[in-house]
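Trainee: with the sequence up front, the predicted model follows.
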2 protein chains.
Amino acid sequence: MISTRGRYALRVMIDIAENGNGNYIRLDEIAIRQGISEKYLESILVILTRGNLLIGLRGKGGGYKLTKAPEEYTMKDILTLTEGGLAPVACLKDGAEPCVKKNICKTLPVWQGLNKAITDYLVGVTLADLIDKPDNYSI
Amino acid sequence: MISTRGRYALRVMIDIAENGNGNYIRLDEIAIRQGISEKYLESILVILTRGNLLIGLRGKGGGYKLTKAPEEYTMKDILTLTEGGLAPVACLKDGAEPCVKKNICKTLPVWQGLNKAITDYLVGVTLADLIDKPDNYSI
DNA sequence: TTTCAACCTATTTTGTCAATAGGTTTTAAG
DNA sequence: CTTAAAACCTATTGACAAAATAGGTTGAAA
């Protein structure tokens, strides 16, 4: 299950992509539009900023904006960062110490296959695919 | 993330498929082989039995055995039952009340696609695929 | 120099998962 | 028919992570 943090993060990225236009957007604006408390939203924006998916600017005229074009963000980028990895089991996490039963584990192939299925799908969807813009209307 | 319950359940199903040969296998045997406490294992076997993936028999000579051939169990069957569903978000769970924002939700397509990717993969792997048997040796 | 807004650290609350404990019923065998 | 074996059932505890809140700090711009 994707946690609240990851789901909100995706909504926030869409929000900024749609409303930003290259300008900085304030946290409280996003909070109102998305119906999330400012404080909780803040904890999510910290993660996105530290992960370089957003850039934050303080002071008057400050806020958050994207660091690159919507086409360049994949769902995997956003969700891996905010969920702290997407691996279905701990032993497949990035940087996990190799499991001692690695060579005899009969369930490992399932988890590896599942991991690949999830990753492959999420790499194939970008933020641009979710945004309301003329290009997205067919006929 | 697949929980301990689901991971153990899969190991248990493999254990019974490999060691059963159509006979009943006692809980304590499985517990020792798999290194799981009898009590915790019991809570998992209850789920598998109530879900008709296993059949249990009490008294002397009792234990658990499969209800059908290993080829007929998909990973989706086993994991959906023990995890209480595999949907990446609550609104896609079986029997979930339809979300009021269903028609305007910009993230829904992602979750639907992810759900399909996960399900499609897990339907394609059966318990038989994970079992040690002569047929599984190539060359 | 003042205001604004992101940034940071810590704490509380909540809920689920994991694990344990003890007693009950059914089955088969002596 | 009695006894032992084994699954079955209900409840409780413990541990941990996620969710949410609170208040103070730093940096940027007007």
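Mentor: Received it, and whenever you're ready, just let me know what you need. Numbers count the residues shown, from 1 in each chain, chains lettered A, B, ... in the order given.

Trainee: can you give me the domain boundaries for chain A?
Mentor: Domains of chain A are assigned by automatic domain parsing as A:4-66, A:72-136.

Trainee: redo the ones you listed as a markdown table? Include mean neighbour count, mean pLDDT and distance to chain B.
Mentor: Using the backbone N, CA and C atoms, a C-beta is placed for each residue, glycine as well. Supplementary listing: these in a markdown table, determined by neighbours: other CB atoms under 10 Å in any protein chain shown; pLDDT from 0 to 100; distance: least, CB to the nearest CB, whole Å:
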| stretch | mean neighbour count | mean pLDDT | distance to chain B |
| --- | --- | --- | --- |
| domain A:4-66 | 16 | 97 | 5 |
| domain A:72-136 | 16 | 94 | 4 |
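
Trainee: nearest to residue B:5, of these?
Mentor: domain A:72-136 (12.7 Å; CB to CB).

Trainee: quick one: that closest one near DNA strand C?
Mentor: No: if you take CB under 7 Å from any atom of the strand as the test, domain A:72-136 misses DNA strand C, and the best it gets is 10.3 Å.

Trainee: picking up where we left off before, could the domains of chain A go into TSV alongside distance to residue B:60?
Mentor: Output for the domains of chain A, formatted as TSV (distance: least, CB to CB, whole Å):
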stretch	distance to residue B:60
domain A:4-66	50
domain A:72-136	30
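
Trainee: check which helix or strand covers the spatially most central residue of chain A.
Mentor: Residue closest to the average C-alpha location in chain A (CA atoms, centre = their mean): residue A:78, at 1.8 Å. Using DSSP states H and E, residue A:78 sits within helix A:75-83.

Trainee: now for the helix or strand following that helix, which elements pack on it?
Mentor: For helix A:75-83, the following helix or strand on the C-terminal side (DSSP H and E) is helix A:108-123. Applying 3 or more CB pairs under 8 Å, 6 or more residues apart in numbering or on different chains; DSSP states H and E, we find helix A:108-123 packed against helix A:75-83, helix B:108-123.

Trainee: which other residues reach the longest one?
Mentor: Outside of helix B:108-123, the residues that reach it under the criterion CB atoms under 8 Å, 6 or more residues apart in numbering or on different chains are A:2, A:10, A:75, A:113-114, A:117-118, A:120-122, A:125, A:130, B:74-76, B:79, B:86-89, B:91-92, B:99, B:102.

Trainee: between helix A:75-83 and that helix, find me the angle.
Mentor: Computed with axes from the mean of the first three to the mean of the last three CA atoms, to 10 degrees, the direction of helix B:108-123 lies at 90 degrees from that of helix A:75-83.

Trainee: helix B:108-123: how far from the chain's middle?
Mentor: The chain centre lies 18 Å from the centre of helix B:108-123; the measure is CA atoms, centre = their mean, to the nearest Å.

Trainee: could you do stretch A:92-105 as well?
Mentor: 26 Å.

Trainee: report whether it contacts DNA strand D.
Mentor: No: on the criterion CB under 7 Å from any atom of the strand, stretch A:92-105 is out of touch with DNA strand D, staying 11.8 Å away.

Trainee: by contact count, what packs against the helix holding residue A:78?
Mentor: Partner elements for helix A:75-83 (3+ CB pairs under 8 Å, 6+ apart): helix A:4-20, helix A:38-50, helix A:108-123.

Trainee: residue A:16 touches residue A:54, doesn't it?
Mentor: Yes: with contacts counted by CB atoms under 8 Å, residue A:16 reaches residue A:54, the gap being 7.0 Å.
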